[in-house]
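*Asks:* Here is the input, now give the coordinates:
(chains A, B, C and D)
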There are 2 protein chains.
Amino acid sequence: MSGKREQNKRLTRQAIVDSARMLFIRKGFELTRIEDLARQAGIGKGTVYSYFSSKEQILIEMISEERQQLVARFEQRNDESAPIGEQILTLFLCQFDYILEHREIARLMYRESLFPVKPSIHQRHQVDNSYLNAVVGLVRRGQQRDEINPNGDALSAAIIFYNHYSMAISGWYMGYIESEDMTMNLRHLIEMAINGLHRSTDNTSTSPALKLARLTATPLETP
Amino acid sequence: MSGKREQNKRLTRQAIVDSARMLFIRKGFELTRIEDLARQAGIGKGTVYSYFSSKEQILIEMISEERQQLVARFEQRNDESAPIGEQILTLFLCQFDYILEHREIARLMYRESLFPVKPSIHQRHQVDNSYLNAVVGLVRRGQQRDEINPNGDALSAAIIFYNHYSMAISGWYMGYIESEDMTMNLRHLIEMAINGLHRSTDNTSTSPALKLARLTATPLETP
DNA sequence: TCAAAAACTCGACCGTGGTCAACTTTTTAT
DNA sequence: ATAAAAAGTTGACCACGGTCGAGTTTTTGA
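*Replies:* As a prediction, the model looks like this:
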C-alpha cells in the first residue's frame, strides 16, 4: 500500500488548518489552546507539532488560504474600465473588508507578515508575492493608459501603492484612521502617490488632506 | 516622611527598564526570563507586574527611551541647507542605524507599534507623535522653500514619507531590501513621493527603480 | 504615638506552548 | 510471510509569563 502515508498526511494537515480556522475565528487566537485544536482535528497535541513548528505557523497557513479567496473576490468586484487608481482602491478595500471581519486574526497576520522573524524561506512569500502581483498588473494597465508613467518601473510603483495601503491599515489599528474614513484616505493616498507632493504646474492646486483622528501636528512655530 | 514611596517607585521603575535594556540586548527578548530581570533589578518577580502589565510593555517603555536619543542624534547630523528630501533621508537613516544594531528588539517594536493590540491610550503614542512631528517640521520647511507643495497638508505629506520609511524597514526584515541598498531605496522612495508616479511634463523622464532582492514581478503578459 | 488603612512586595502556583522518549503503524528487504 | 527499519503518533513533562493572596512597609489621622 504505497502513498497511504502521503495521503493521510495531507488530510491531517488540512484538518489542522480547518480546525484552526474554526477555533481562531470563534474564540480568538490567544484563547485557542493547542490541545483543543488537536482534539478538534482528531489527533494528539504532539502531532500538531510534527506538522507545524508553532501555533503562529498554523495561523500563517490559514491566512494564506484566505488570501487566495480575496484576490478572487476582487476580480469579481472590479470594474476594468474605471481609472486605475480606483481599481487599486477596490483591491485594497476587498482586503480591508476581511480585516474588518477578523480584526485580531488579521492583525497577527500583518505583524508576522511585515516583520517576520527571519527573511522568509516560506511559501507565505509566494502568497504575498501573488497579491503584490495583482497590484503590478493594475499598474501595468495604468501605464498602458498613460495614467502612470510608462517609463517607470512597474514593480516599484506597485510597492509604493502597497506601502500606503499597509500603513493605512496600520493607522487603522493604531486608531488614527476610522473605519468610515478608510475609503477616502486610501483614495487620497493613491491620488497623491500618482500626482506627487511637489508644487504642480497649475499653481493653485491643493492636494487633499488625510482625515486622521487623534493626530494633529504641532502648531506651526515661525522660525 | 512624605513622598518616599513616590521616590522609590520612580527608582524601581527605572531599575526595571535599565535591567531590561541590559538583558534584552545581551540575551534577546525571548531568552530573558522575567525572573532574571527582576533579580537583576533587585526586586521580586511579582513586583515587576505591578509596574508593567506585560513583558512587552517593558520593551515598549525601553524603546521609547531610546527613541528620544535618536531624534537628538538626527539634529546633530543634519545639514539644514540640504534639500528637504535629503534631510528626511538623514532622519530615517538615524533610525535605521539603530535597527541595524538591535535587529530583534527593533523588530518587536515595529510589530507592536504599528499593529498594537488596542488603539493606544499609551504614552507610547506621544513618542511616535514626536517622531512624526520631526518629519512634519521638515515638510514645512520644504513647503517654505517650495520643494513641497505649500498648498498641501503638511501632516499628510509627513505621513506619506513615514509610510515609505516604515515599509522600507518592513522590506528589510522580509529580506527584500539589503542593508547596503537601504539608503538608495529610501532616496528613491522620497523622490518618487515628491515627484509623483504620473507621466511628468518633460516626456522622457524615467523614475528610478527600487533595488529589491528576491522580488520580481511576473513577466508581462500582453492581453 | 499608635492603630487602622492603604500601598506595595513577594514567591508559590497556574495555564499553556512546545519537547521528547516511548509506543504504534507503515514500508522495505529478503 | 516476516522481521528490521523508518516514519509517525502521543501525552506526560518542562519552562516561562502572568496571577494572587498572604505578608510587609508606609501613610493617614486622631
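*Asks:* if I pick the residue positioned nearest the centre of chain A, what's in contact with it?
*Replies:* The residue lying closest to the centre of chain A (CA atoms, centre = their mean) is residue A:95, at 5.9 Å. Shown in contact with residue A:95 (CB atoms under 8 Å, 6 or more residues apart in numbering or on different chains): A:70, A:165. C-betas here are computed from N, CA, C, even on glycine.
*Asks:* neighbours around the closest residue to DNA strand D within chain A, how many?
*Replies:* Relative to DNA strand D, the nearest point of chain A is residue A:46 (1.8 Å; CB to the nearest atom of the strand). Residue A:46 has 9 neighbours, counted by other CB atoms under 10 Å in any protein chain shown.
*Asks:* Report the buried residues of stretch A:179-190.
*Replies:* A:181, A:182, A:185, A:186, A:187, A:188, A:189, A:190 (16 or more other CB atoms under 10 Å in any protein chain shown).
*Asks:* What's the mean pLDDT across it?
*Replies:* Average pLDDT, stretch A:179-190: 95.
*Asks:* what's the lowest-mean-pLDDT helix or strand in chain A packed up against?
*Replies:* One helix or strand of chain A scores below all others by mean pLDDT, DSSP states H and E: helix A:124-144, with a mean of 79. When contacts are defined as 3 or more CB pairs under 8 Å, 6 or more residues apart in numbering or on different chains; DSSP states H and E, helix A:124-144 packs onto helix A:55-77, helix A:84-101, helix A:154-174.
*Asks:* Please identify the deepest-packed of those.
*Replies:* Comparing those by mean neighbour count (mean count of other CB atoms under 10 Å in any protein chain shown), helix A:154-174 comes out on top with a mean of 23.
*Asks:* ok, then the element right after it?
*Replies:* Using DSSP states H and E, the helix or strand that follows helix A:154-174 in sequence is helix A:182-195.
*Asks:* near chain B at all, that following helix?
*Replies:* Yes - using CB under 8 Å from any CB of the partner chain, helix A:182-195 reaches chain B at A:188, A:189, A:192, A:193, A:194, A:195.
*Asks:* who's in contact with the closest residue to residue A:185 other than its chain neighbours?
*Replies:* Residue nearest to residue A:185 in three dimensions, not counting chain neighbours: residue A:210, with 5.2 Å by CB to CB, 6 or more residues apart in numbering or on different chains. Applying CB under 8 Å, 6+ apart, we find residue A:210 in contact with A:185, A:188, A:189, B:153, B:155, B:156, B:159.
*Asks:* now swap in residue A:28 and tell me
*Replies:* With CB under 8 Å, 6+ apart, residue A:28 has these contacts: residue A:104.
*Asks:* I'd like the distance from it to chain B, if you could.
*Replies:* To chain B, residue A:28 is 12 Å away according to CB to the nearest CB, to the nearest Å.
*Asks:* and if you look at residue A:59?
*Replies:* Counting by CB to the nearest CB - residue A:59 and chain B are separated by 14 Å.
*Asks:* try residue A:83
*Replies:* Following CB to the nearest CB, the distance that separates residue A:83 from chain B is 12 Å.
*Asks:* Kindly confirm whether my reading is correct that that residue touches residue A:141.
*Replies:* No - counting by CB atoms under 8 Å, residue A:83 sits too far from residue A:141 to count as a contact (10.5 Å).
*Asks:* Run through the residues of chain A sitting next to DNA strand D.
*Replies:* A:5, A:8, A:9, A:12, A:43, A:44, A:45, A:46, A:47, A:49, A:50, A:51 (CB under 7 Å from any atom of the strand).
*Asks:* any idea which of these is closest to chain B?
*Replies:* Each of those was scored against chain B by CB to the nearest CB, and residue A:49 proved nearest at 17.8 Å.
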